[in-house]
Structure formats: structure tokens, C-alpha cells
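[1] I would like to see how this sequence folds:
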Amino acid sequence: AMTPVDGYRNLSAGLTVGLACCASGLGLAKFIQQINEHHTATASSSSFLRSDGPESEPLVGRRTVATYPIPTNFLHLCLSLVFLEAIGLYGLIVALFLLA
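    All right, here's what the predicted structure looks like:
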């Protein structure tokens, strides 16, 4: 038999885990979106030579300036992902303390 106190304790633990993991997931989504926008903006900034007629366009576009996307610092990427995942882990730890 579960008392109302135990029920509220389970509810609060579940909400803690759920909201912490939701915040972690939203942070990860925002971080990955930011990385993708940076690479997309860098890749699309290179312009191709355009001519008036389709006959004068080459089959393979020529770039006016050689631009390469700036490589993402791997250490920065890993540390950001670890700290964002830690938010969900902290929610799990708090929930375990609530249930104990």
C-alpha cells in the first residue's frame, strides 16, 4: 500500500528526472543546431560564377574564392556535450535522493 506521501515522492522524482532530461535534450538540440548553422553559413558563403546564358555555364561550378569551413574545436565540442548531458545525470541523482 502506497501512502500519499510516497505517491508525491514518486511524482516529484519522476518530474525531476523528466524535466532535467528535457532541459538536457533541448540544450543539446540548440547546441547542435548552432553548429549546423555555422557550417551551413560557411559552406553557402562561397559563391559560384554566374553567366547570363545556360550555354556559357560550366558543368562544374567554379568558385571565385576558395573557402573552407572553419573546423570545430573537438575539445570544445566534447566538453559542451559532456556538460549538457550532466544536467540529465544531475536530475537522476536528485531523484534518487528524493526516493531515499
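
[2] packing partners for the helix ranked longest in the chain?
    Ranked by number of residues, the top helix in the chain under DSSP state H is helix 4-44. The contact analysis (3 or more CB pairs under 8 Å, 6 or more residues apart in numbering; DSSP states H and E) places helix 4-44 against helix 74-99. (C-beta placed from N, C-alpha, C; glycine too.)

[3] so how many other residues sit close to the closest residue to Gly14 other than its chain neighbours?
    Residue nearest to Gly14 in three dimensions, not counting chain neighbours: Ala95, with 7.3 Å by CB to CB, 6 or more residues apart in numbering. Residues near Ala95, counting by other CB atoms under 10 Å, number 20.

[4] which residues touch Ala95?
    13-14, 16-17 (CB atoms under 8 Å, 6 or more residues apart in numbering).

[5] find me the pLDDT at it, would you?
    Note for Ala95: predicted pLDDT of 95.

[6] so how far is Arg9 from it?
    10 Å (CB to CB, to the nearest Å).

[7] tell me, how many residues neighbour the residue nearest to Met2 when sequence neighbours are not counted?
    Leaving aside its sequence neighbours, Met2 sits nearest to Asn10 (CB to CB, 6+ apart; 7.9 Å). By other CB under 10 Å, the residues close to Asn10 number 14.

[8] what does the one 3 residues further on give?
    Other residues near Ala13 number 19, with proximity taken as other CB under 10 Å.

[9] surely it touches Leu99?
    Yes - Ala13 is within contact range of Leu99, at 5.1 Å (criterion: CB atoms under 8 Å).
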